[in-house]
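Undergrad: Any chance you could fold what I've pasted below:
(2 chains)
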Number of protein chains: 2
Amino acid sequence: MDGVSGVRMRLLVGRRDGAPTFSMRQFTVEPGGHTPDHEHNYEHEVVVLRGGGEVMYDGVWHAMEAGEVMLIEPNVRHQFRNTGAEPLEFLCLVPVTHDCGKPTPGS
Amino acid sequence: MDGVSGVRMRLLVGRRDGAPTFSMRQFTVEPGGHTPDHEHNYEHEVVVLRGGGEVMYDGVWHAMEAGEVMLIEPNVRHQFRNTGAEPLEFLCLVPVTHDCGKPTPGS
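TA: As a prediction, the model looks like this:
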């Protein structure tokens, strides 16, 4: 995916498992790595499990650390980056479909 | 709620926050405590954060521990109990609606 560096995604519960409504993915971002600066018309719910970094939400950067929870609303620009020395791990959940039934990427 | 003992629920991301599709709740079950033995026509996605215990799924008990992830499918009997000495903490996500638009309890 364009704009991604040092990121691994693991699908924990997804459509392949029969998830009816939403999918759970675990992301690991290496130090210095980042997810893409992008937006889409479905939401994320995020829980930081380990490490720390920064989240860009609607153009503004905020610190994030283990234990924090976020709702990334639909159609809002966002990006995650690891500014620490250890891997940044978070869960990121998405609806299994968007746009009246289209499968959500990575769900 | 009937059949519950030693359980606290904290809504992390819910309808009140504008969650469009699914809600994230954190449960803490004290040693000896348990959630109700019940079933409903919507799913749970569960991540065990801390502690250990047992989950009953369709009448059969299984060990559960931190780091494990579960899909509780709709219409399957289930219950969680803390058989350990420390609090059992897990995230449990539900769709915000079920039955064609009815608000899901605790979402």
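Undergrad: tell me which element the residue sitting furthest away from the middle of chain A falls in.
TA: Most distant residue from the mean C-alpha position of chain A: A:Cys100, 21.6 Å away (Cα atoms, centre = their mean). Counting by DSSP states H and E, no helix or strand carries A:Cys100.
Undergrad: what pLDDT does it get?
TA: Listed pLDDT for A:Cys100 reads 90.
Undergrad: which parts of chain A sit against chain B?
TA: A:12-13, A:17-22, A:24, A:42-43, A:45, A:47, A:69-71, A:73-74, A:91, A:93, A:95 (Cβ under 8 Å from any Cβ of the partner chain). Where C-beta positions appear, they are placed from N, C-alpha and C, glycine not excepted.
Undergrad: ok, and for the host helix or strand of A:Met70, which residues are buried?
TA: Assigned by DSSP H and E, A:Met70 belongs to strand A:69-72. For strand A:69-72, burial by neighbour count (16 or more other Cβ atoms under 10 Å in any protein chain shown) applies to A:69-72.
Undergrad: Check stretch A:79-99 too.
TA: So, applying 16+ other Cβ under 10 Å, buried residues of stretch A:79-99: A:79-83, A:87-98.
Undergrad: Sort out for me which of those are in strands.
TA: A:79-81, A:88-95, A:97-98 (DSSP state E).
Undergrad: moving C-terminal of the strand or helix carrying A:Val48, what's the next helix or strand?
TA: Per DSSP H and E: A:Val48 is located in strand A:44-50. As assigned by DSSP H and E, the chain's next helix or strand after strand A:44-50 is strand A:52-57.
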